[in-house]
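J.: Fold the stuff below for me.
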Amino acid sequence: MAAQSYFIGDAILKPAIHHESFEQLWETKWKVPCAMGIYPFMFGSIKDFEPVAQAIIKKGLKEPYDWDEYAASFFPKAEELAAIAAAAEAAGETEKASEYYLRSSAVYRIARFPAPRSPKQREAWAAGKAVFYKGAALLPHPIAEVLIPHVHALPGEGATVPVNFLLPPAASPAAPAPLLIIFTGLDGYRTELAVWQRGWLDKGVASLVVEIPGTGDSPALATDPTAPDRQWSSVLDWVAEQPAVDANKVVVWGFSTGGYYALRVAHTHADRLLGSVSLGGGAHHMFDRAWLERVNLLEYPFDLANTLAFKFGYPHLESFIQEAAKFSLVNDGTLEKKSCSLLLVNGDKDEIFPIDDLFVALEHGGPKLARVVKGKKHMGEPDSFFIILAWIHELLGLDGDYMHQIKLLPSKPKY
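T.: Model prediction:
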């Protein structure tokens, strides 16, 4: 019956081969993007990952993974790269140091991927942040970490919202820059989606990268469906206080699970945003039992449903499934509220969040713009990037030349 319930049809019943072993994951899903230097290998080099992957393959690791054992496999290479970076920095070789710090952060990222659920993965997240910000500080346009006061926090929530913030050099109170806020995803945090920031700076747009509840260093209570509203209020209050940022030209772009939050914020903070983009985001059916009981074996590299349970603050998948409906944007009435300009984009073959949720969003509330990328899976990449960049350029009155930004995304190691 589940096969008839979703737009992808029988695909929900067909396990992906990469779940058979890490060897299959590397050979069929990860090796090509690693060589290209794209998600999830931003800032990385296949020269660094190939020997680690082969060592893991030799061990015969496969699902269910011992996450400490998995993560530990990456540490020697990450530490080696960080040492090369430190030596280069000491020698005044700034460009080389920056690259190697960022390459180290990429290796630590895959160690803690898809989420820091074990002690060694949490160690990888901390170490990865440290080398990322060392490398980011040495870029031609340094990316700084800002700790935004979480002034709307409830008891039990963190005191700050850590973000990446990059302001174009020409921005000033007399000529404030528009701002793009990037909501990160389930596994890509602010240390990864920073890859977009230089391109926006070159277009005169400030950028702020922030993690969604239950991921990275988000201070929000993961189990509270209203917690993101408080986090975004604190972030937008801080934005309004920045004299070189035009608070009337703020656009949100949410990636994957961040797309769910971009859809929500478009309704909860409609008057504070010029526009919002939900890329590959869910809304309602992503929380169905029938969906969550199948997706561990589909498109996602690892155990998606369990990772989502962890992200939403639940110790076990079943406990999450039993309460997941409370996060539905249909069930809580969010989609019936007024929204800012809103663009929904996804691939029609998505096996991470059902494309059905895009249709659900169109069936509720006010009119929205949407674009379905035919024949593509989650997020409709890479076609979706061109669609979204063109929309944001038009919304902000930019030059329309977004190919410059696209070309900056792949990692191209020099050393």
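
J.: For the stretch 1-150 of the chain, which segments count as strands?
T.: 144-149 (DSSP state E, counting those that start in this stretch).

J.: I'd say residue 218 and residue 211 touch.
T.: Yes. With contacts counted by Cβ atoms under 8 Å, residue 218 reaches residue 211, the gap being 4.5 Å. Where C-beta positions appear, they are placed from N, C-alpha and C, glycine not excepted.

J.: Confirm for me that residue 78 is in contact with residue 127.
T.: Yes. Using Cβ under 8 Å, residue 78 makes contact with residue 127 at a distance of 6.9 Å.

J.: Tell me the confidence at residue 51?
T.: On pLDDT, residue 51 comes in at 98.

J.: ugh, typo on my part, it should be residue 5
T.: 85.

J.: and residue 293, how many neighbours?
T.: 14 (other Cβ atoms under 10 Å).

J.: That one and residue 5, how far apart?
T.: 12 Å (Cβ to Cβ, to the nearest Å).

J.: do residue 377 as well
T.: Counting by Cβ to Cβ, the separation of residue 377 from residue 5 is 18 Å.

J.: Of these two, give the one with the bigger neighbour count.
T.: For residue 377 versus residue 5, neighbours defined as other Cβ under 10 Å are more numerous around residue 377 (20 against 15).

J.: Pop the domain breakdown of the chain in here.
T.: 2-9+142-407, 37-140 (automatic domain parsing).

J.: quick one: which of those domains is nearest residue 28?
T.: Checking the domains of the chain against residue 28 by Cβ to Cβ gives domain 2-9+142-407 as the closest, at 10.4 Å.

J.: Pretty sure residue 358 sits against residue 347.
T.: No. Applying Cβ under 8 Å, one finds residue 358 not in contact with residue 347, separated by 10.0 Å.

J.: Which neighbours do the two have in common?
T.: Both residue 358 and residue 347 are in contact with residue 372, where contact means Cβ atoms under 8 Å, 6 or more residues apart in numbering.

J.: Looking at those two, which is more packed in?
T.: Taking other Cβ under 10 Å, residue 358 and residue 347 do not tie; residue 358 has more neighbours (28 against 23).

J.: mind checking how far that one is from residue 262?
T.: 13 Å.

J.: hey, C-alpha coordinates of stretch 167-182 in PDB?
T.: The C-alpha trace of stretch 167-182 is given here as PDB (Å, rounded to 0.1, in the frame of the first residue of the first chain):
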ATOM      1  CA  LEU A 167      29.700  41.500   4.600                       C
ATOM      2  CA  PRO A 168      30.700  42.900   1.300                       C
ATOM      3  CA  PRO A 169      33.500  45.500   1.600                       C
ATOM      4  CA  ALA A 170      31.500  48.300   0.000                       C
ATOM      5  CA  ALA A 171      28.500  47.900   2.400                       C
ATOM      6  CA  SER A 172      28.000  50.800   4.700                       C
ATOM      7  CA  PRO A 173      25.200  52.600   6.500                       C
ATOM      8  CA  ALA A 174      24.900  54.900   3.500                       C
ATOM      9  CA  ALA A 175      24.700  51.900   1.100                       C
ATOM     10  CA  PRO A 176      23.500  48.900   3.100                       C
ATOM     11  CA  ALA A 177      23.800  45.500   1.500                       C
ATOM     12  CA  PRO A 178      20.900  43.100   1.000                       C
ATOM     13  CA  LEU A 179      21.200  39.900   3.000                       C
ATOM     14  CA  LEU A 180      20.900  36.200   2.100                       C
ATOM     15  CA  ILE A 181      20.300  33.900   5.100                       C
ATOM     16  CA  ILE A 182      21.200  30.300   4.400                       C
END
